[in-house]
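Participant: model this:
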Amino acid sequence: MPIVIKLKKGKSKDDVIGAFRRACMEEEIKEKVESKVAFEKPSQKRYRKKQIKDKLNQKARRKAAR
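Facilitator: Numbers count the residues shown, from 1 in each chain. Down below sits the predicted model:
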């Protein structure tokens, strides 16, 4: 899906660039491109997914402790 950012009246070019960057981050474009460019070993994939899972679990435990 293409990302379209329109220049609104009263907005600077820097604001538009920031909006574009945020839209790219939401769509996770950088991560998709990096995953296609470089080969990642299966063990590295498992390790990365485990790290993300652990981080989310820690966050949930901290939230529940409040």
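Participant: longest helix in the protein, by residue count?
Facilitator: Scanning the chain for the longest helix, with DSSP state H as the assignment, gives helix 42-65.
Participant: And it, what does it pack against?
Facilitator: Contact analysis of helix 42-65 by 3 or more C-beta pairs under 8 Å, 6 or more residues apart in numbering; DSSP states H and E lists no helix or strand as a packing neighbour. C-beta: built from backbone N, CA, C; applies to glycine.
Participant: what sits up against that helix?
Facilitator: With contact meaning C-beta atoms under 8 Å, 6 or more residues apart in numbering, helix 42-65 is reached by Glu40.
Participant: How many neighbouring residues does Ile3 have?
Facilitator: Other residues lying near Ile3 total 11 when counted by other C-beta atoms under 10 Å.
Participant: I'd say it and Glu26 touch.
Facilitator: No. With contact taken as C-beta atoms under 8 Å, Ile3 and Glu26 are classed as non-touching, separated by 9.2 Å.
Participant: what is in contact with those two at once?
Facilitator: With contacts defined as C-beta under 8 Å, 6+ apart, no residue is shared by Ile3 and Glu26.
Participant: which regions of this structure sit below the pLDDT cut-off?
Facilitator: Segments of the chain classed as low confidence (criterion: pLDDT under 70) are 1.
Participant: could you redo the last one with a cut-off of 50?
Facilitator: Low-confidence regions of the chain, defined here as pLDDT under 50, do not occur.
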